[in-house]
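Novice: the following comprises the amino acid sequence and a computationally predicted model.
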Amino acid sequence: MAEATSQSRLLIVEDDQRMRTFLAGELNCEGYDVTEAEDGQGALMHLRDACTDLVLLDWTLPDFSGVEICRRLRSSGDITPVLMLTCHDDIRDRVEALDSGADDYILKPFSIEELLARIRAQLRRTAYWRGVADSDLLRCADLTVNTATREVVRAGQAISLSVREYDLLLCLLRGTGRVVEREAILREVWGENHFGDENLLGVYIRYLRRKLEPEGLPTLIQTVRGVGFMLREGEPRP
């Protein structure tokens with residue numbers, strides 16, 4: 001049984017029905033969720049409409065070549081990993097496949113054990129990079145902040161924040177679900193030696209609320225009187 005597949009979704013693109021059926025059977029036995037396509041058009045339509053973790057792509061198809069499919073995927077921004085299956089063993093062919101966007105390359109005829117090992121390796125790499133990307137994201141309800149790019153999105157809408165507003169939101173996000181005391185916020189956002197208007201924090205909380213809590217959406221910034229603030233989804237703002 002394959003290691004930690006968690007029902008990884010694989011697409012087999014192969015015009016040879018016997019080969020396609022054989023691969024689907026082996027991969028189903030390994031615990032993968034397998035979909036089949038017999039040509040490039042079917043593959044592109046499936047990839048447009050469904051989430052896929054890995055594509056096993058034959059080089060020679062009745063409509064598009066595997067190389068052309070890779071180019072189309074990458075030009076559209078689709079980064080789904082592709083493992084190319086082919087009889088082309090010339091070094092120039094390998095370079096062309098990889099340069100077109102394929103992530104790996106295996107020559108026919110191949111052993112099923114090698115193919116399974118390459119699939120596992122590619123899925124491990126994908127899981128690692130997804131984990132790296134996810135580690136940059138902070139969330140509360142439908143609010144997402146990407147700390148790598150400083151992008152702030154709520155309910156699918158990008159929100160523009162000033163530097164201070166962003167730092168304040170980040171402070172609250174890191175304490176999501178618990179009260180962050182006023183003094184702790186002032187120290188983190190304005191610095192240890194901040195001495196200034198005691199109402200400054202309240203002013204910036206109002207700025208954030210205006211941008212993050214438009215009419216009809218639940219509130220996010222909750223006031224805990226006499227203590228501080230917490231980020232938690234509340235009732236819709238009238």
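Specialist: Received it, and whenever you're ready, just let me know what you need.

Novice: what about L201, which SS state?
Specialist: The local conformation at L201, judged by DSSP: H, G, I helix; E, B strand; the rest coil, is helix.

Novice: can you name the residues that contact it?
Specialist: 182, 185-186 (C-beta atoms under 8 Å, 6 or more residues apart in numbering). Any C-beta I mention is one placed from the backbone N, CA and C, and that applies to glycine too.

Novice: quick one: the helices in the chain, in order.
Specialist: 17-29, 40-49, 66-75, 91-100, 112-134, 163-173, 182-190, 200-212 (DSSP state H).

Novice: look up how far V145 lies from H46.
Specialist: 33 Å (C-beta to C-beta, to the nearest Å).

Novice: and the helices of the chain, which one averages the lowest pLDDT?
Specialist: Among these, helix 112-134 carries the lowest mean pLDDT, at a mean of 81.

Novice: circling back to that earlier point, so can I have a markdown table of the helices of the chain showing distance to S8?
Specialist: Shown next, in a markdown table, are the helices of the chain (distance: least, C-beta to C-beta, whole Å):
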| stretch | distance to S8 |
| --- | --- |
| helix 17-29 | 9 |
| helix 40-49 | 15 |
| helix 66-75 | 18 |
| helix 91-100 | 22 |
| helix 112-134 | 6 |
| helix 163-173 | 31 |
| helix 182-190 | 40 |
| helix 200-212 | 36 |
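
Novice: for E233, find the nearest of those helices.
Specialist: helix 200-212 (11.3 Å; C-beta to C-beta).

Novice: tell me the angle of the closest one relative to helix 182-190?
Specialist: 70 degrees (axes from the mean of the first three to the mean of the last three C-alpha atoms, to 10 degrees).

Novice: partners of the residue nearest to V180 when sequence neighbours are not counted in the sheet?
Specialist: Distances taken as C-beta to C-beta, 6 or more residues apart in numbering place G228 nearest to V180, at 5.1 Å, with adjacent residues excluded. For G228, the beta-bridge partners are E181, V224 (DSSP bridges).

Novice: contacting residues for G228?
Specialist: 179-185.

Novice: at 7 Å what do you get?
Specialist: Taking C-beta atoms under 7 Å, 6 or more residues apart in numbering, we find G228 in contact with 179-182, 185.

Novice: now those residues as CSV including distance to D58?
Specialist: Shown next, in CSV, are the contacts of G228 (distance: C-beta to C-beta, whole Å):
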residue, distance to D58
V179, 58
V180, 55
E181, 61
R182, 62
I185, 57
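
Novice: can you say which of those residues are buried?
Specialist: Buried subset of the contacts of G228 (neighbour count, 16 or more other C-beta atoms under 10 Å): 179-180, 182, 185.

Novice: in the sheet, who's paired with E36?
Specialist: In beta-bridge terms (that is, DSSP bridges), E36 pairs with I12.

Novice: from what I can see it touches R20, true?
Specialist: Yes - when contacts are counted by C-beta atoms under 7 Å, E36 is listed as touching R20 (5.5 Å).

Novice: so what sits against both of the two?
Specialist: Joint contacts of E36 and R20 (C-beta under 7 Å, 6+ apart) are I12.

Novice: still on that earlier bit, from the contacts of L201, which is closest to V224?
Specialist: Nearest to V224 among the contacts of L201, with distances taken as C-beta to C-beta, is R182, at 9.5 Å.

Novice: pLDDT score for the nearest residue to that closest one once chain neighbours are set aside?
Specialist: Closest residue to R182 apart from its sequence neighbours, by C-beta to C-beta, 6+ apart: G228 at 4.7 Å. pLDDT for G228: 94.

Novice: same thing with the one 5 residues further on?
Specialist: pLDDT for E233: 89.

Novice: tally of neighbours for it?
Specialist: The tally of other residues near E233 (other C-beta atoms under 10 Å) stands at 15.
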